[in-house]
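my questions are about this predicted structure, shown below with the sequence.
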Amino acid sequence: MPKEWNIRDAYIMDSKGKRFVDFKQNNLHVVNYSIPVRTRMDLTKLKQHIYTLPETPDWIPYRTSYYKETWGFRCV
């Protein structure tokens, strides 16, 4: 039986409360089947969980964590 994945909210926010990546604005920004994470971290550590396509900056890359439990964001 496939895993069920439910998500209510996900975002990246700076120290001033500004959201840069927001699931509510585009659900493609969250890596499919991401595990729940609620933490503060520095940019260096966060970058390990951000996926982009530099050669096509207007595209949101597809990425899933269905087979390996992890989390992340897909950004333009």
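The structure has been received and is ready for your questions.

C-alpha only now, for contacts and for neighbours.
Will do.

so Asp58 sits against Arg74, correct?
No. Asp58 lies out of contact with Arg74 (C-alpha atoms under 8 Å); the separation is 11.5 Å.

looking at the two, which is more packed in?
Neighbours per residue (other C-alpha atoms under 10 Å) separate Asp58 from Arg74, with Arg74 holding more: 22 against 11.

let me see the contact set for the more buried one.
Listed by C-alpha atoms under 8 Å, 6 or more residues apart in numbering, the contact set of Arg74 reads 28-31, 50-52, 60-63.

and if we set it to 6 Å?
Contacts for Arg74 (C-alpha atoms under 6 Å, 6 or more residues apart in numbering) come out as 29-30, 50-51, 60.

return the subset of these lying in helices.
Per DSSP state H, helices hold no members of the contacts of Arg74.

widest-spaced pair of those residues?
The most widely separated members of the contacts of Arg74, counting by C-alpha to C-alpha, are Ile50 and Ile60 (11.0 Å).

low-confidence ranges in the protein?
1 (pLDDT under 70).

gap between the nearest residue to Phe23 once chain neighbours are set aside and Ile35?
For Phe23, ignoring the flanking residues on the chain, the nearest one in space by C-alpha to C-alpha, 6 or more residues apart in numbering is Ala10 at 5.2 Å. Ala10 is 11 Å from Ile35, where distance means C-alpha to C-alpha, to the nearest Å.

among these two, which residue is more densely surrounded?
Ala10 (20 against 15).

and that one, how far from Glu55?
26 Å.

Leu53: which element?
Assigned by DSSP states H and E, Leu53 belongs to neither a helix nor a strand.

quick check: end-to-end length of stretch 38-56?
30 Å.

for stretch 54-69, that is, sorry about that
OK, stretch 54-69 end separation, C-alpha to C-alpha: 25 Å.

and the contacts of it?
31-34, 74-76.
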